[in-house]
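[1] build the 3D model from these lines:
(one chain, ligands or ions: 1)
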Amino acid sequence: MALMLTYITINFNINRQYSIYIRANQESRDQRIVGEFRDDYISNGKKGWNVDSGTSVVREATISGFSVKLEDKNEKTLWQLEPELVLAQLSARQPEGAPPLSLEQFNFKRHNVVVDSETVGYVTIGQFTPLLISTNEEEFIFSLTMSVLASAIIGSLLIFAFSFFLSKQLSEPISSIASTSFKLSQGNFKSRENLKTDIMEIEQLRQSINTLGEKMDQQDTLRRRLISDISHELRNPLNVLQMNLEAMIDGVVPISGERLSSLNNEVIRFGKLLGNLNVLKEFEEKSENQEYKELNLRALCQDLYNNFLGVAKEKNIKLSFEYYRKDRYYIFGDYHSLYQVVLNLLHNAVKFTPENGKVFMTLKKDSNFTYLEIRDTGFGIPEEDLPNIFERFYRVDRSREVIEGSGIGLTIVKRIMDKHKGMIHVSSKVGKGTTFSLKFQNPSPADLIHHRYWENI
Ligand code: ADP
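    Residues are numbered from 1 along each chain as shown. Just a heads-up that it's a prediction; the model follows:
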């Protein structure tokens, strides 16, 4: 269809352009011939026509196949090369079997011969129309059209082959990625896309799908772990309670104040766990656009330091708090939430540090940020556990056995830091200790002025 259209358009345009060209040629030829007549008229000294005027054109007319007639200003014919004669000559040159030519096919054009702004005669030129485009010329046009058409066909084939190749290059990896993402959506989180491609955008898509798969896989593992952790955490105290109560009911063990108090401790532990879950829920529910106030981080840390001195002393842990007196550690935030952050970190540091260890709390700042570091010389966290410690219920196996905990403290810390657009980083070495580093954006002086202004209204 496209080729057909191309053929018609090319043919039409070439014919049109060619006819315009031929007509323009004819027009200038006619003007030249009229000019020759005028020159003859002028060169005849007596300024008039004679029998020979313009006869030099007869030879050209016979060869090119047009008729000529010269009339004086009174429209009296002086001489002419009759169209019948031209027709006879043309017919004689026609190939065998060609359609006969007729006089009606002559197209006459009459031109004025003007000398000194005065018409001195008329020259009529009759052109045989079908010969405007001769057979030779038709053949030429045809072969030209054909070669353009051939180029169009070859071009189209090349484009087709190239686009086929290109679409294959594009569609293969895309459909493969689509099938991988379908598998992921079906819950097959281990499936990955391995078909690499040179097309940058698709390669990026492939890598993103693989990263997405990894994340989903991790989430899935955590989710499974979460469910088993919750049930484990809840089942243990319940079991202890149930078994002991049954034993007392059956009279296997006597009911004593000491036993009841130990059972009460289990109930308290159970309650604490649920309490922690509640705290987490509260932090998750707190609105994103919480109004933060300017707060003194040093004073907050100082309070906690004072509160922890007793606990640390009990375990014979040396607790220190360092900061530069000349610096002011003001940031924007919610006091209670940030209190909870430092509390959880200090609590862990003391909890996971054996007797005679050390816990350091350090405040620092530069022009853009305020940094709080809580470092201990405790058990440390194995490298493979580091990426997970902020997840709910995640507890490093060793601490699960020996130290009480719920695995929620750090999750709360992370949530609060995220809400404050702060950063938290942990580095640790087993047997050496752990460092939690917090980073807060300093408020700009303009922020502080604006804030204080609104506070005082
Ligand atoms: P919990 O302390 O109640 O177990 P967290 O969320 O506070 O829960 O901590 C998660 C886990 O990270 C802990 O169980 C512990 O294994 C590890 N962890 C946290 N802080 C420290 C620390 N300072 N030193 C060693 N391990 C730590």
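[2] do stretch 417-425 and the ligand meet?
    No: using Cβ under 6 Å from any ligand atom, we find that stretch 417-425 stays clear of the ligand, coming within 11.7 Å at best. For every residue, glycine as well, the C-beta is placed using N, CA and C.
[3] that stretch: end-to-end distance?
    Separation of the first and last residues of stretch 417-425 by Cα to Cα, to the nearest Å is 11 Å.
[4] count the residues that sit near the residue in the stretch 201-350 of the chain that the ligand sits nearest to.
    At 3.5 Å from the ligand, N348 is the closest residue in the stretch 201-350 of the chain, using Cβ to the nearest ligand atom. Close neighbours of N348, defined as other Cβ atoms under 10 Å, add up to 23.
[5] can you name the residues in contact with the helix or strand hosting it?
    With elements delineated by DSSP states H and E, N348 resides in helix 335-351, which encompasses its position. Surrounding helix 335-351, the residues in contact under the criterion Cβ atoms under 8 Å, 6 or more residues apart in numbering are 279, 283, 286, 293, 295, 297, 300-301, 303-304, 308, 311-312, 315, 317, 319, 359, 361, 372, 374-376, 378, 403, 405, 409-410, 412-413, 416-417, 419-420, 434, 436, 438.
[6] looking at the residues you listed, which are in strands?
    By the criterion of DSSP state E, membership of the contacts of helix 335-351 in strands covers K293, L295, L319, V359, M361, L372, I374, R375, D376, T434, F436, L438.
[7] so which of the residues you listed reach the ligand?
    The subset of the ones in strands among the contacts of helix 335-351 within reach of the ligand, by Cβ under 6 Å from any ligand atom, is D376, T434.
[8] the ones in strands among the contacts of helix 335-351 into JSON lines, with extra columns for neighbour count?
    Formatted as JSON lines, the entries for the ones in strands among the contacts of helix 335-351 read as follows, by neighbours: other Cβ atoms under 10 Å:
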{"residue": "K293", "neighbour count": "12"}
{"residue": "L295", "neighbour count": "17"}
{"residue": "L319", "neighbour count": "22"}
{"residue": "V359", "neighbour count": "26"}
{"residue": "M361", "neighbour count": "23"}
{"residue": "L372", "neighbour count": "27"}
{"residue": "I374", "neighbour count": "23"}
{"residue": "R375", "neighbour count": "19"}
{"residue": "D376", "neighbour count": "28"}
{"residue": "T434", "neighbour count": "24"}
{"residue": "F436", "neighbour count": "24"}
{"residue": "L438", "neighbour count": "23"}
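[9] closest one of the ones in strands among the contacts of helix 335-351 to V86?
    For these, the closest approach to V86 (Cβ to Cβ) belongs to L438, at 107.4 Å.
[10] mind listing what that closest one touches?
    The contact partners of L438, taken as Cβ under 8 Å, 6+ apart, are V341, Y371, L372, E373, M417, G422, M423, I424.
[11] also L297?
    The neighbourhood of L297, defined by Cβ under 8 Å, 6+ apart, consists of Y329, Y330, I331, L338, L363, T370, L372, F440.
[12] verify the assumption that the last one is located in a strand.
    What that stands for is F440. Yes: in this structure, F440 lies within a strand as judged by DSSP: H, G, I helix; E, B strand; the rest coil.
[13] before we move on, back to that, could you check the angle strand 433-441 makes with the helix holding N348?
    160 degrees (axes from the mean of the first three to the mean of the last three Cα atoms, to 10 degrees).
[14] closest one of the ones in strands among the contacts of helix 335-351 to A446?
    The shortest approach to A446 among the ones in strands among the contacts of helix 335-351 belongs to K293, at 16.4 Å (Cβ to Cβ).
[15] need the per-residue pLDDT for L338.
    Listed pLDDT for L338 reads 93.
[16] what's the local residue count around it?
    Neighbour count of L338, defined by other Cβ under 10 Å: 24.
[17] my guess is E71 contacts G121. True?
    Yes: taking contact to mean Cβ atoms under 8 Å, the distance of 5.8 Å between E71 and G121 places them in contact.
[18] in the ones in strands among the contacts of helix 335-351, which has the lowest confidence score?
    K293 (86).
[19] for that one, which residues make a bridge with it?
    G333 (DSSP bridges).
[20] use 9 as the first number for this chain going forward.
    Sure thing, new numbering starts at 9, so read that last one as K301.
[21] how about the spatially closest residue to N252 that is not a sequence neighbour, secondary structure?
    Spatially, and ignoring its direct neighbours in sequence, N252 is nearest to L271 (5.5 Å; Cβ to Cβ, 6 or more residues apart in numbering). Using three-state DSSP, the secondary structure recorded for L271 is helix.
[22] now swap in the one 4 residues further on and tell me
    When the structure is reduced to helix, strand and coil (three-state DSSP), V275 reads as helix.
[23] surely it meets V248?
    No: with the criterion set as Cβ under 8 Å, V275 and V248 do not qualify as a contacting pair; they are 9.8 Å apart.
[24] neighbour-wise, which of these two wins?
    Comparing V275 with V248 by neighbour count (other Cβ under 10 Å), the higher total belongs to V248, at 17 against 13.
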